[in-house]
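Novice: Generate coordinates for the sequence data below:
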Amino acid sequence: MPDLRFFEVASSLNLDQVVALTRAKYTETSVKGCGPIKACAPLSVAGPDEAAFFSDRRYLSSLKKTHAGFVFVTEDDSPMVPAEGLALVVKSPQAAWARLANALYKPVRHDGMAAVHPTARIEDDVYIGIGVVIGQNAEIGSGTRLEAYSVIGPGCTIGRNCRIGAHATVYCALIGDRVHIASGAHIGEAGFGVSGDERGLIDVPQLGRVILQDDISVGSGTCIDRGAYDDTVIGEATKIDNMVQIAHNVQIGRQCIIAAHAGISGSARIGDGAMFGGRAGLIDHIAVGARAKVAAGAVVYKDVPEGEMWSGFPAKPSRQFLREAAWLSKQAAQKDKG
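Specialist: As a prediction, the model looks like this:
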């Protein structure tokens, strides 16, 4: 369930309303006893009054075990929906789910024009700079500095002895103690999720959070997206340079180092003590083991084992990359002499 500090939940929708919204089809004989749809969730956690979707064969086991009362699927996949669930047949299951989720959930917005909302809970010895905006029900710990024109969204919590730089924004986030977020960083904005159907492209709602544990540093201009449904989590004492992009659902361990212009795609998993050079990149759903190193400019397309160093494009173990580079250089030199 999305965190209600950050998202408002609309009233439930009945099946006719969902069909009108998504243009789904279903078998009349299977609709007996169907109540309203009250929430959206992934296949693995959805319950009887919640809607999920299936569009990726990697999650076939989740479909077969799901307890979702409603599942958006293509016609070919509809026979695999468990008997206790209702198959809602559409051309693009993710797009249909996104349309429903957009109807059910809205981000909590700042209430009123006050710079510091009266419901915000602020401990002693908090510095609040000029132009700072603090939303309703936000919590700020003692010793924290909020520099000029920073924005703390509704429901966010910021621990003690933190520093939020000028013009930084924090939404849908839970932040630990002694966290430093530099000027112009953006925490908890919507991740990049797009689907489409016969009516065109649609943004997939991002209903998760960002969790920054203690002693983290986040550089200027860095963007850390909130999760699509689960959370984006950064582990203790991890240090992130300027202009880094961390996408939705990324899990980063403790004491990692990520240099400027690195890009971490959605649902990547990074172990404790891993290091990334400047402009390094990971595609989505990649795992990087503990203490692994990704060299500057490398682009990783498959899992990096624990403790290894990878380089190049596409990235591979650095010794292999250097041997191949040396061989190519030697071949080019021989050709020039010939």
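
Novice: From here on, just use CA atoms for contacts and neighbour counts.
Specialist: Noted.

Novice: Tell me where the longest helix sits in the chain.
Specialist: helix 318-337 (DSSP state H).

Novice: got the CA coordinates for that one in PDB?
Specialist: As requested, the backbone C-alpha atoms of helix 318-337 are provided in PDB (Å, rounded to 0.1, in the frame of the first residue of the first chain):
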ATOM      1  CA  SER A 318      39.000  -5.100 -16.400                       C
ATOM      2  CA  ARG A 319      41.900  -7.500 -17.100                       C
ATOM      3  CA  GLN A 320      39.900  -9.000 -20.100                       C
ATOM      4  CA  PHE A 321      39.100  -5.400 -21.300                       C
ATOM      5  CA  LEU A 322      42.800  -4.300 -21.000                       C
ATOM      6  CA  ARG A 323      44.000  -7.500 -22.800                       C
ATOM      7  CA  GLU A 324      41.600  -6.900 -25.700                       C
ATOM      8  CA  ALA A 325      42.500  -3.200 -25.900                       C
ATOM      9  CA  ALA A 326      46.200  -4.100 -26.000                       C
ATOM     10  CA  TRP A 327      45.600  -6.800 -28.700                       C
ATOM     11  CA  LEU A 328      43.600  -4.300 -30.900                       C
ATOM     12  CA  SER A 329      46.300  -1.700 -30.500                       C
ATOM     13  CA  LYS A 330      49.000  -4.200 -31.500                       C
ATOM     14  CA  GLN A 331      47.000  -5.300 -34.600                       C
ATOM     15  CA  ALA A 332      46.400  -1.700 -35.600                       C
ATOM     16  CA  ALA A 333      50.100  -1.000 -35.300                       C
ATOM     17  CA  GLN A 334      51.100  -4.000 -37.400                       C
ATOM     18  CA  LYS A 335      48.600  -3.000 -40.100                       C
ATOM     19  CA  ASP A 336      50.100   0.500 -40.300                       C
ATOM     20  CA  LYS A 337      53.600  -0.900 -40.700                       C
END
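
Novice: Please list the residues outside it that contact it.
Specialist: Under the contact criterion Cα atoms under 8 Å, 6 or more residues apart in numbering, helix 318-337 has outside partners 309, 310, 311, 312, 315.

Novice: These in strands, which ones?
Specialist: 309, 310, 311 (DSSP state E).

Novice: who wins for neighbours among those residues?
Specialist: residue 310 (25 neighbours; other Cα atoms under 10 Å).

Novice: which residue is nearest the centroid of this protein?
Specialist: Nearest to the mean C-alpha position of the chain, by Cα atoms, centre = their mean, lies residue 248 at 1.6 Å.

Novice: That residue in helix, strand or coil?
Specialist: The local conformation at residue 248, judged by DSSP: H, G, I helix; E, B strand; the rest coil, is coil.

Novice: distance of it from residue 288?
Specialist: 16 Å (Cα to Cα, to the nearest Å).

Novice: repeat for residue 142
Specialist: Distance from residue 142 to residue 288, by Cα to Cα: 36 Å.

Novice: more neighbours, those two?
Specialist: Ranked by neighbour count (other Cα under 10 Å), residue 142 and residue 288 place residue 288 first, with 26 against 17.

Novice: mind listing what residue 228 touches?
Specialist: Counting by Cα under 8 Å, 6+ apart, residue 228 has contacts 190, 191, 193, 205, 206, 207, 208, 248, 249.

Novice: Which positions in the longest helix of the chain come out as buried?
Specialist: Going by neighbour count (16 or more other Cα atoms under 10 Å), the buried part of helix 318-337 is 318, 321.

Novice: For the contacts of helix 318-337, work out which two are farthest apart.
Specialist: 309 and 312 (10.6 Å; Cα to Cα).

Novice: my guess is residue 232 contacts residue 226, does it?
Specialist: Yes. Counting by Cα atoms under 8 Å, residue 226 is a contact partner of residue 232 at 5.6 Å.

Novice: so where is the chain shaky, pLDDT-wise?
Specialist: 28-33, 112-114, 335-338 (pLDDT under 70).

Novice: where along it do the helices fall?
Specialist: Using DSSP H, helices in the chain cover 15-22, 60-65, 93-104, 318-337.

Novice: and the angle for the third one with helix 15-22?
Specialist: Angle, helix 93-104 to helix 15-22, by axes from the mean of the first three to the mean of the last three Cα atoms, to 10 degrees: 120 degrees.

Novice: what about the closest residue to residue 2 other than its chain neighbours, distance to residue 108?
Specialist: Nearest residue to residue 2 in three dimensions, chain neighbours excluded: residue 207, at 5.6 Å (Cα to Cα, 6 or more residues apart in numbering). Residue 207 sits 11 Å away from residue 108 when distances are taken as Cα to Cα.
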